[in-house]
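1. task: produce atomic coordinates for the following.
(2 chains)
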Amino acid sequence: MKNRFAGFRPALLAAASVVAFASAAPAFAGKTLDAVKQRGTVKCGVTNGVAGFSAPDTQGNWSGLDVDTCRAIAAAVLGDGKKVDFVPLNSQQRFSALQAGEIDILARNTTWTLTRDASLGFNFTTITYYDGQGFLVPKKLKVTSAKQLKNATICTQSGTTNEKNVSDYFRAQGIPVKTVVFESFEASFKAFFSGRCQAFTTDASALAGLRNKEAPNPDDYIILPELISKEPLAPLVRRGDDEWFAIAKWVPNALIEAEEFGITQANADELKANSKDPAQQRLVGTGEDLGKLLGLDKDWSFRAIKAVGNYGEMFERNVGPKSVLKLPRGSNNLWSKGGLIYAPPVR
Amino acid sequence: MSREASRRGAWLAWAVQALLVLAVVAAAVWVVHHALEVLRARGVRSGFDFLTEPAGFSISEGWLDFDASQPFWRAFLAGLINTVRAAVPAAIFSVVLGTLIGIGRLAPHVLLRGICTAYVELLRNVPLLVQLLMLAFAMANLLPDPTEPVHLMLGVWLSKGGLSVPWPVAGEGGWWPTHFEWPERGDFGVSGGAALSPEYVTIVAGLSFYSAAFVAEIVRAGILSVSQGQVLAGQALGLSSGQQLRIVILPQALRVIVPSLTNQLLSLTKNSSLAVAVGYPELVSVANTTIGSNGRAFECIAIIMAIYLLLSLLISFGMNRYNARVALRGWR
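-> Got it, this is the predicted structure:
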């Protein structure tokens, strides 16, 4: 049957969506936690594929450091680390997706900067990876330092801190370079590997992954020694929901503290049964109940550890020696072992 | 109907129109006001004040030099100029190529007709984005590395870094070109002179080829709309078939062609925004980068919309003027 309103349908849809957007918007200011519980999943914004941080395998299963952060939160809140809807976002979409309430948390190797923190309506949670921006170049160019890149063409991705850092760095050095900027991460590194650019720039962690996974022959490429920026990567949530902000902060903190106190995915059950150490007891849910302060139950951190392991295990599995990236622990070691990873006490 | 009744009808029609306009404007104001309020409530900074702040990113090609210390408004201007820099040559190429193919589709020669038909069917049925990515891929794989450029002729080099040609430049402090700058081979490929980047060539060629298929159909329809009697008259006068086409048919066909061509040029200009996918820094690319650095999505999208609206109105205005010249006077 031909609908006599058929001709109006686009207009009606547009009007409906405008009204929906405008009227639904204030509801986000309140309880993300309630929405998550009611929905039964955490909506987690991730990359469209950066090895080690968030990338789907051939079966569509997501893995990576950012992915594990979301799984840990889902385990703490909903009792199951699998209850996460991953929403792949490119670097231009990510902030509007969080602002608009399409996702509950953005864990998409995003650098914590003042502008993003103070003007976008977000709160950054806990730094889960200390990165820095580097350069990948073909060995055959015989370049050993970024300072030799005069007049070179550099490929990068638009809308990132990388694009701005590379401008700043070479301007400060007085070295002219050209940048070719692509919309997607994939397009930008493909252009580099096809020979369009003499150098590719992004966070050093991603460079290692790219060289191993995407280069025609990984041995033909080197990562230059210079790191031209600080890139503290942290998940972020919308402002105005302090309860959810606290959860998103304290779940990763609990995983860091779990490493510090020697609790692993494997020994968590045993420690839950037998541990006499108060610090361990708090984390496995047999000590004082800290969950109620977060609006969760007593076992929140125990479930998070069971789901993804402690911070060190997450690191090893996704980006460390056991992964394809084979990155050294470096700055991302615990503070007690000479690194920068430090969680305020879970107590 | 009495005269009074018809006047009343006209008045009523005006009143309804005015109410509708008021309703639309009120709805728009309400939506914008509400959206800004929501943004403010969530602690999102909003407004266009950022336009005077330094952009912090650079744009490496185009007619307007732009570096990271210059303000955002200038970045948008450079992006706009880059959009025009891609759209205008693409418009010219697509009209020329489309006209030839449109005529070819009506040629008596079977092979020529077949090729032109195949071109139209192939190009207009594959999405433009796919064509652009294919072109970019082909260029990335077929051209030689920037470090081993091909010397086509004196001062002209071709590589994945683009096509470099000698270009007149101004001397110290002057405006007028005083000498040619010659491209030179360096460590990282060719530098100096003027260079057409592969991204630029991709977007101009992609838009031209794609739009030419549509222009060809418009031209064909235009030619077919001219009555067969005109051809016979031309033959009776002893005109050659080329002369018939040039003097008799095309001028009359233009009346049908020009209005549709306006639509085509409008969509070509808007399609130039796909350049962002192949790395050419036009308006949308600049806006995306801006959104990534300061999150002013609402404002940047408003700027994009306003600029495309302006470009479209300019094209419509120009084409309508031209249409008025070729249209039959009696039609109005």
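
2. from here on, just use CA atoms for contacts and neighbour counts.
-> Noted.

3. look at residue A:186 and give its secondary structure.
-> Secondary structure, DSSP: H, G, I helix; E, B strand; the rest coil: residue A:186 is helix.

4. next up, the contacts around it.
-> By CA atoms under 8 Å, 6 or more residues apart in numbering or on different chains, residue A:186 lies in contact with nothing.

5. list the buried residues of the helix or strand harbouring residue A:163.
-> For residue A:163, the host element (DSSP states H and E) is helix A:161-173. For helix A:161-173, a neighbour-count test (16 or more other CA atoms under 10 Å in any protein chain shown) marks A:161-168, A:170 as buried.

6. for chain A, what helix or strand is lowest in average pLDDT?
-> helix A:9-24 (a mean of 45; mean pLDDT, DSSP states H and E).

7. ok, then the element right after that one?
-> Immediately after helix A:9-24, counting by DSSP H and E, sits helix A:32-39.

8. what's the helix holding residue A:163 in contact with?
-> So helix A:161-173 is contacted by A:111, A:133, A:147, A:156-157, A:176-177, A:181, A:201-203, A:228-229, B:56-58, B:68, B:293 (CA under 8 Å, 6+ apart).

9. just the closest of the buried residues of helix A:161-173 to residue A:305, please.
-> For the buried residues of helix A:161-173, the residue nearest residue A:305 by CA to CA is residue A:161; the value is 31.9 Å.

10. near the residue in chain A that chain B sits nearest to, how many other residues are there?
-> Nearest residue of chain A to chain B, counting by CA to the nearest CA: residue A:159, 3.9 Å away. The number of residues packed near residue A:159 is 28, by other CA atoms under 10 Å in any protein chain shown.

11. for residue A:287, see how far away it is.
-> Residue A:159 sits 46 Å away from residue A:287, going by CA to CA, to the nearest Å.

12. now the angle from the strand or helix carrying residue A:66 to helix A:32-39?
-> Element membership for residue A:66, per DSSP H and E: helix A:65-78. Using axes from the mean of the first three to the mean of the last three CA atoms, to 10 degrees, the inter-axis angle of helix A:65-78 relative to helix A:32-39 is 80 degrees.

13. same for helix A:65-78, what does it pack against?
-> Contact partners of helix A:65-78 among helices and strands, from 3 or more CA pairs under 8 Å, 6 or more residues apart in numbering or on different chains; DSSP states H and E: strand A:42-46, strand A:84-88, helix A:242-260, helix A:300-308, helix A:311-318.

14. what ranges in the stretch 201-347 of chain A fall below the confidence cut-off?
-> In the prediction, the stretch 201-347 of chain A carries no residues with pLDDT under 70.

15. for the stretch 151-300 of chain B, which residues are neighbours of chain A?
-> B:160-161, B:188-189, B:191, B:276-281, B:285, B:288-295, B:297 (CA under 8 Å from any CA of the partner chain).

16. rerun at 6 Å
-> Residues of the stretch 151-300 of chain B lying near chain A by CA under 6 Å from any CA of the partner chain: B:160, B:188, B:276-277, B:279, B:289, B:292.

17. top of these by number of neighbours, please.
-> residue B:279 (29 neighbours).

18. verify the contact between that residue and residue A:184 for me.
-> No. Residue B:279 lies out of contact with residue A:184 (CA atoms under 6 Å); the separation is 9.2 Å.

19. quick one, what contacts residue 255?
-> Since you didn't name a chain, this refers to chain A. Residues counted as contacts of residue A:255 (CA atoms under 6 Å, 6 or more residues apart in numbering or on different chains) are A:310-311.

20. you answered for a different chain; I wanted chain B.
-> Counted by CA under 6 Å, 6+ apart, residue B:255 has contacts residue B:327.
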